[in-house]
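*Asks:* What follows is a predicted protein model with its sequence.
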Amino acid sequence: IPTNIYADSEEASKAVAREIANLIRQKAKDGKQAILGLATGSSPKKVYAELIRMHREEGLSFKNVVSFNLDEYYPMEADAVQSYIRFMREQLFDHVDIPAGNFHLPDGTVPIEKLAEFCRDYEQRIENYGGLDFQLLGIGRNGHIGFNEPGSLVNSRTRLMTLDLTTRIDATGDFGGLSKVPKKAVTLGIGKIMEAKRIVLLAWGEHKAENVARAVEGSVTSDVPASYLQLHPNASFIIDVAAAAQLI
Ligand code: F6R
């Protein structure tokens, strides 16, 4: 996997935001929509901040952007502080001119008996737009992408996933105690992620170094879902020096 190492996450995030902005502008020029797959968590925050800056200072418009987020906790109310829809509004959507109705996230309020249908429909909605032009990813400390935890298959579909203990421990701060962290989440499947035309995975910090190395240099294995990106023709890792520490 092509891996670009930057001195810090600030510079790296600016480069990623530039790539996304170029895609949005190119699509607009061609009279088309840019179909973006977006992530939450700490890793993409500076990318979103830079996109907001470009919207304010450089006239970057999101009118032709359609987005699909990777995941949402389940169950999760939309207005809860920890919900990913709220995160996306606060970090990006409320600050740019993306039309309401153009952004999509898995819905943490769908009744359990309707969830399988919701997941099929979520993938179909992506298909109806012709698939994802660009997928932004983070990587979990356990090597997950989206909430596809270790053990997930390369062709896994969008589904309800039981979260690993490491994933729940890493979310403890957001929820004020491990027992309050949801045990499940709805995640875009690896099959759909792999169909994106371009994939960029972000990783900052020493705590990501081990699984970045396993994903980039190890064998392709369900133990490290990010290692599946070795099979993608146009995926890159954009990482900082600390996250590169265990690359050989
Ligand atoms: C978030 C997501 C997760 C995170 C990963 C890293 O939508 O799908 O896979 O990208 O857990 O989280 P951070 O960026 O908080 O280290």
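*Replies:* That came through fine. Numbers count the residues shown, from 1 in each chain.
*Asks:* Next one, pLDDT for L160 please.
*Replies:* With respect to pLDDT, L160 scores 98.
*Asks:* Tell me the first helix or strand C-terminal of the helix or strand hosting it.
*Replies:* Element membership of L160 [criterion: DSSP states H and E] is strand 159-162. Note on strand 159-162: by DSSP H and E, the next helix or strand toward the C-terminus is helix 165-170.
*Asks:* Next, the buried residues of that next one.
*Replies:* 167-168, 170 (16 or more other CB atoms under 10 Å). For the C-beta atoms, the positions are set from N, CA and C on the backbone; glycine is no exception.
*Asks:* Going by contacts, tell me the helices and strands next to it.
*Replies:* Helices and strands touching helix 165-170, by 3 or more CB pairs under 8 Å, 6 or more residues apart in numbering; DSSP states H and E: there are none.
*Asks:* ok, now which ones touch the residue of the chain found nearest the ligand?
*Replies:* Of all residues in the chain, G138 sits closest to the ligand, at 2.3 Å by CB to the nearest ligand atom. Neighbouring residues of G138 by CB atoms under 8 Å, 6 or more residues apart in numbering: 39, 41-44, 145, 201-203.
*Asks:* now do L136
*Replies:* Applying CB under 8 Å, 6+ apart to L136 gives the contacts 16, 20, 36-39, 44, 47, 200, 202.
*Asks:* So which bits of stretch 74-89 are buried?
*Replies:* By neighbour count on 16+ other CB under 10 Å, the buried set for stretch 74-89 is 74-76, 82-88.
*Asks:* Just the ones in strands from the residues you listed, please.
*Replies:* With DSSP state E as the criterion, strands contain Y74 from among the buried residues of stretch 74-89.
*Asks:* so which of the buried residues of stretch 74-89 comes closest to L163?
*Replies:* Using CB to CB, Y74 is the member of the buried residues of stretch 74-89 that lies nearest L163, at 9.5 Å.
*Asks:* From D107, how far off is the closest one?
*Replies:* Y74 sits 9 Å away from D107, going by CB to CB, to the nearest Å.
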